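>>> need coordinates for the following:
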Amino acid sequence: MNAIYARVSTEDQAKTGYSLSDQIASCKALLFKQGKTNVVEYVDEGYSGEFIDRPALTSLRDDIAAGRIETVVVYDPDRLARKLSIQLLVAEEMEKAKVELRFITGDYDASPEGRLFFSMRGAIAEFEKAKILDRTLRGKKKKASQGKIIQDFGLFGYSYDKANCTYTINEAQAAVVREIYRLVIENQMSIERVQKELKKRVLLSPTGKALWPSSSLHNLLTNRTYTGTFHSMKNRQQKTGIDTRKTMERPRDEWIAIPVPSIVDEVTFERAQRQLMQNKADAKRPFIHPYLFAGIMYCGICGRRMLAHHCAFRDGSYKPYYQCATQRYSDLRNTDLKCASRSLPAEALDAALWSKLVEALKNPEKAKKYIPKQKPVTDNKAEIERLNQMESELVKHRETIAKWFRQQKLSEKDADDELEQIRAQLIDIEERKNILKPVEAPTAAKMSFAEVAAKLRPLIEHGDLTADEKKSIIRAVLTKVTVVRTDKPSGKKPPVFKITWETV
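Residues are numbered from 1 along each chain as shown. Take a look at the predicted model:
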């Protein structure tokens, strides 16, 4: 089998004219001329040549290692990689596998002369890349010094005037920005409460979602551009991997201030900063609930994990709860199975569970009534396959989001929001798969509940245990607690829980 490797990035399309169709056509012509018609294409679209971790290149290297490839044709060495070290590494892998490597723009062989030529081409490609980056940076600085905003950063409240390279106020969005500042300053709302208020008023996020991401609200409330000054050349991005970048702030003397129409004045902005600082300080007020069963508590309706949560009231009081993950993150999580579980008051539930556990440790026979009856094994193969398919589609979507970000079709904020949603859905799918997997029989002997209880009983009888000591005892005995609230939602009577648990 003969292979063609082609790669193109946004920069290449814009500046050097490499197109995938031209690369593939030229490589095919060379192979067909040699009478080699069994051809497979490996194409990386939108991937930088600075990193070796590219999907198509990785697949090609795997096939080379497996002995499936005889010849590899690449249009030019810099299509293989932008860095000489990567070019030489991949070429050496091909030589060891006795795979012929050909380039349209020049011949390469394993002779010293061929290696020298190949190395020179790679070094030149690296030099050209550095020159392109330098020219691009100098061009951006020149435009910024002329008062031009070089690209649309998707700043909510403004519309980008492409002809004049500046921002103009989008009055509809600007009204929402001013209202957000007012809610924080006058109503002294936290970002979480602002989220709920905006959702209640059906004021959609910049990406059209009902729930504003907290990061978007924080960025909006701390961005000085809204006061009338946009800072260009403030940040720079450093690639740390094929899909990862690190944003680093430049020294302040390198920033270039560009005037734009203001949406809020300086006084309003500073008042918002003081309120945010106050909110942060208030969040650290003394409120401690140990959540004794956090991490091992699961919803009795849908089987998903229960998360620790607390609710703040207008009088300044707080109450701790356990909430099903689908209720806590209903806008972010994968909720194909709508869960109707209620919030579980943590103080009452922890007290009830601890009391039952102490009773069971003192009399191990009583522990059996909380152990669920063994259900007949059901075949969940179809459901697991469906979840695997969803997982595969989400992974592909994650790669697409990363590609769109590299091609500047998405802003960094929008890309982060989308990737966070995908991450949350993947976690939820993994939890669902773990629930559906059949329980494997234990492979080694372990202590019985009665034996564990006998060791822990002296600690229980001692009394006056701290929260950490209680947690240690709980995790030494229980691996999973499943709870559902069964009382009617009247709010006047003590809560009633149906509890089952799995012991060590």
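>>> any idea how far V176 lies from L217?
With the distance defined as C-beta to C-beta, to the nearest Å, V176 ends up 11 Å from L217. (C-beta placed from N, C-alpha, C; glycine too.)
>>> oops, could you answer that again for E359 instead?
The span separating E359 from L217 equals 47 Å under the rule C-beta to C-beta.
>>> can you check A56 too?
When A56 is compared with L217 (using C-beta to C-beta), they lie 39 Å apart.
>>> so which of the two has more stuff around it?
L217 (20 against 17; other C-beta atoms under 10 Å).
>>> what's the burial count for the residue lying closest to the more buried one once chain neighbours are set aside?
With sequence-adjacent residues excluded and distances taken as C-beta to C-beta, 6 or more residues apart in numbering, L217 is closest to I191, at 5.0 Å. Taking other C-beta under 10 Å as the criterion, the count of residues near I191 is 20.
>>> is I191 in contact with H218, as I believe?
Yes: with contacts counted by C-beta atoms under 8 Å, I191 reaches H218, the gap being 6.1 Å.
>>> contact partners of stretch 362-373?
356, 359-361, 449-450, 453, 457, 460, 482, 499-503 (C-beta atoms under 8 Å, 6 or more residues apart in numbering).
>>> list the buried ones in it?
Within stretch 362-373, the residues that qualify as buried are 364, 367, 370, counting by 16 or more other C-beta atoms under 10 Å.
>>> any idea how far K148 is from the closest residue to P494 other than its chain neighbours?
Closest residue to P494 in three dimensions, ignoring its sequence neighbours and counting by C-beta to C-beta, 6+ apart: A348, at 6.7 Å. Between A348 and K148 the distance is 61 Å, computed by C-beta to C-beta.
>>> after the host helix or strand of A272 comes which helix or strand?
Under the assignment given by DSSP states H and E, the secondary-structure element containing A272 is helix 266-283. Per DSSP H and E, helix 266-283 leads on to strand 297-299 as the next helix or strand towards the C-terminus.
>>> for that next one, packing partners?
Applying 3 or more C-beta pairs under 8 Å, 6 or more residues apart in numbering; DSSP states H and E, one finds that strand 297-299 makes contact with strand 306-312, strand 478-485.
>>> and the last one, average pLDDT?
Looking back up the chat, that one is strand 478-485. This predicted structure assigns strand 478-485 an average pLDDT of 91.
>>> where's the dip in pLDDT among the contacts of stretch 362-373?
F449 (80).
>>> phi, psi for the nearest residue to it once chain neighbours are set aside please.
In space, and not counting its chain neighbours, F449 is closest to T503: 4.9 Å by C-beta to C-beta, 6+ apart. T503 adopts backbone torsions of phi -100, psi 170, taken as degrees, to the nearest 10.
>>> okay, T503 and I301: tell me how far apart.
The gap separating T503 from I301 is 22 Å, by C-beta to C-beta.
>>> go on, D468?
30 Å.
>>> do the same with E383
For E383, the distance to I301 - C-beta to C-beta - is 17 Å.
>>> higher neighbour count, the two?
Taking neighbours as other C-beta under 10 Å, E383 and I301 compare with I301 leading, 18 against 13.
>>> once you drop chain neighbours, what's closest to that one?
Taking C-beta to C-beta, 6+ apart as the measure, I301 lies nearest to S341, with 4.6 Å between them; neighbours along the chain are not counted.
>>> tell me the SS of the one you found?
Assigned state for S341: coil (three-state reduction, DSSP: H, G, I helix; E, B strand; the rest coil).
>>> phi, psi for it please.
When read as degrees, to the nearest 10, the backbone of S341 gives phi -70, psi 150.
>>> enumerate every residue touching it.
299-302, 324, 326-327, 484-485.
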